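In: below are the sequence and a predicted model; questions follow.
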Amino acid sequence: MAKAIHMMVRVQDLARSIDFYQQAFGLGVADRFDFDSFTLVYLRNAESDFEIELTLNKGRAEPYQHGDGYGHVAVAVDDLDAEHSRLAQLGYAPADIKEFFREGSLMARFFFVQDPDGYKIEVLQRHGRYR
């Protein structure tokens with residue numbers, strides 16, 4: 001049986017990305033590995049062992065293109081409204097809260113926010129399958 005352990009995104013500015021993920025989601029640096037041409041930084045918190053791997057390719061000046069294949073990573077929170085307000089106060093401009101209903105019942109409450117490199121993060125209210 002496979003276990004999901006991390007997802008990776010390429011970033012332009014490690015300090016800015018680390019700061020965003022720490023402030024927005026309480027993720028801290030678990031490990032950092034510096035190589036000649038790139039640096040890997042693994043972020044996580046006590047909530048889960050799943051990590052976000054930030055990859056900085058040294059010497060790259062132009063922003064990365066996400067193409068049409070990247071979707072998002074998702075996190076679940078206890079109080080969606082409070083998190084939306086907190087992220088807005090931090091200046092991260094979260095999108096409006098949305099609700100999905102299926103067969104007359106609430107399936108999900110969520111909003112999206114983007115990291116400094118434009119990667120989308122879905123923030124979901126803990127509910128139903130989103131725990």
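Out: Ah, there it is.
In: ok, residue 13 - contacts?
Out: 56, 116 (C-beta atoms under 8 Å, 6 or more residues apart in numbering). C-beta here means a position set from N, CA and C on the backbone, and glycine is covered the same way.
In: measure it to residue 28 for me?
Out: According to C-beta to C-beta, to the nearest Å, residue 13 stands 18 Å off from residue 28.
In: can you pull the phi/psi pair for the residue lying closest to residue 51 once chain neighbours are set aside?
Out: Using C-beta to C-beta, 6 or more residues apart in numbering and skipping residues adjacent in sequence, the residue nearest residue 51 is residue 6, 4.0 Å away. Dihedral angles of residue 6 (phi, psi; degrees, to the nearest 10) stand at phi -160, psi 170.
In: show the pLDDT at residue 6.
Out: Note on residue 6: pLDDT of 95.
In: for residue 73, same thing?
Out: Reading off the model, residue 73 has pLDDT 92.
In: next: residue 130.
Out: 90.
In: those helices in this protein, which residues are they?
Out: 14-25, 80-89 (DSSP state H).
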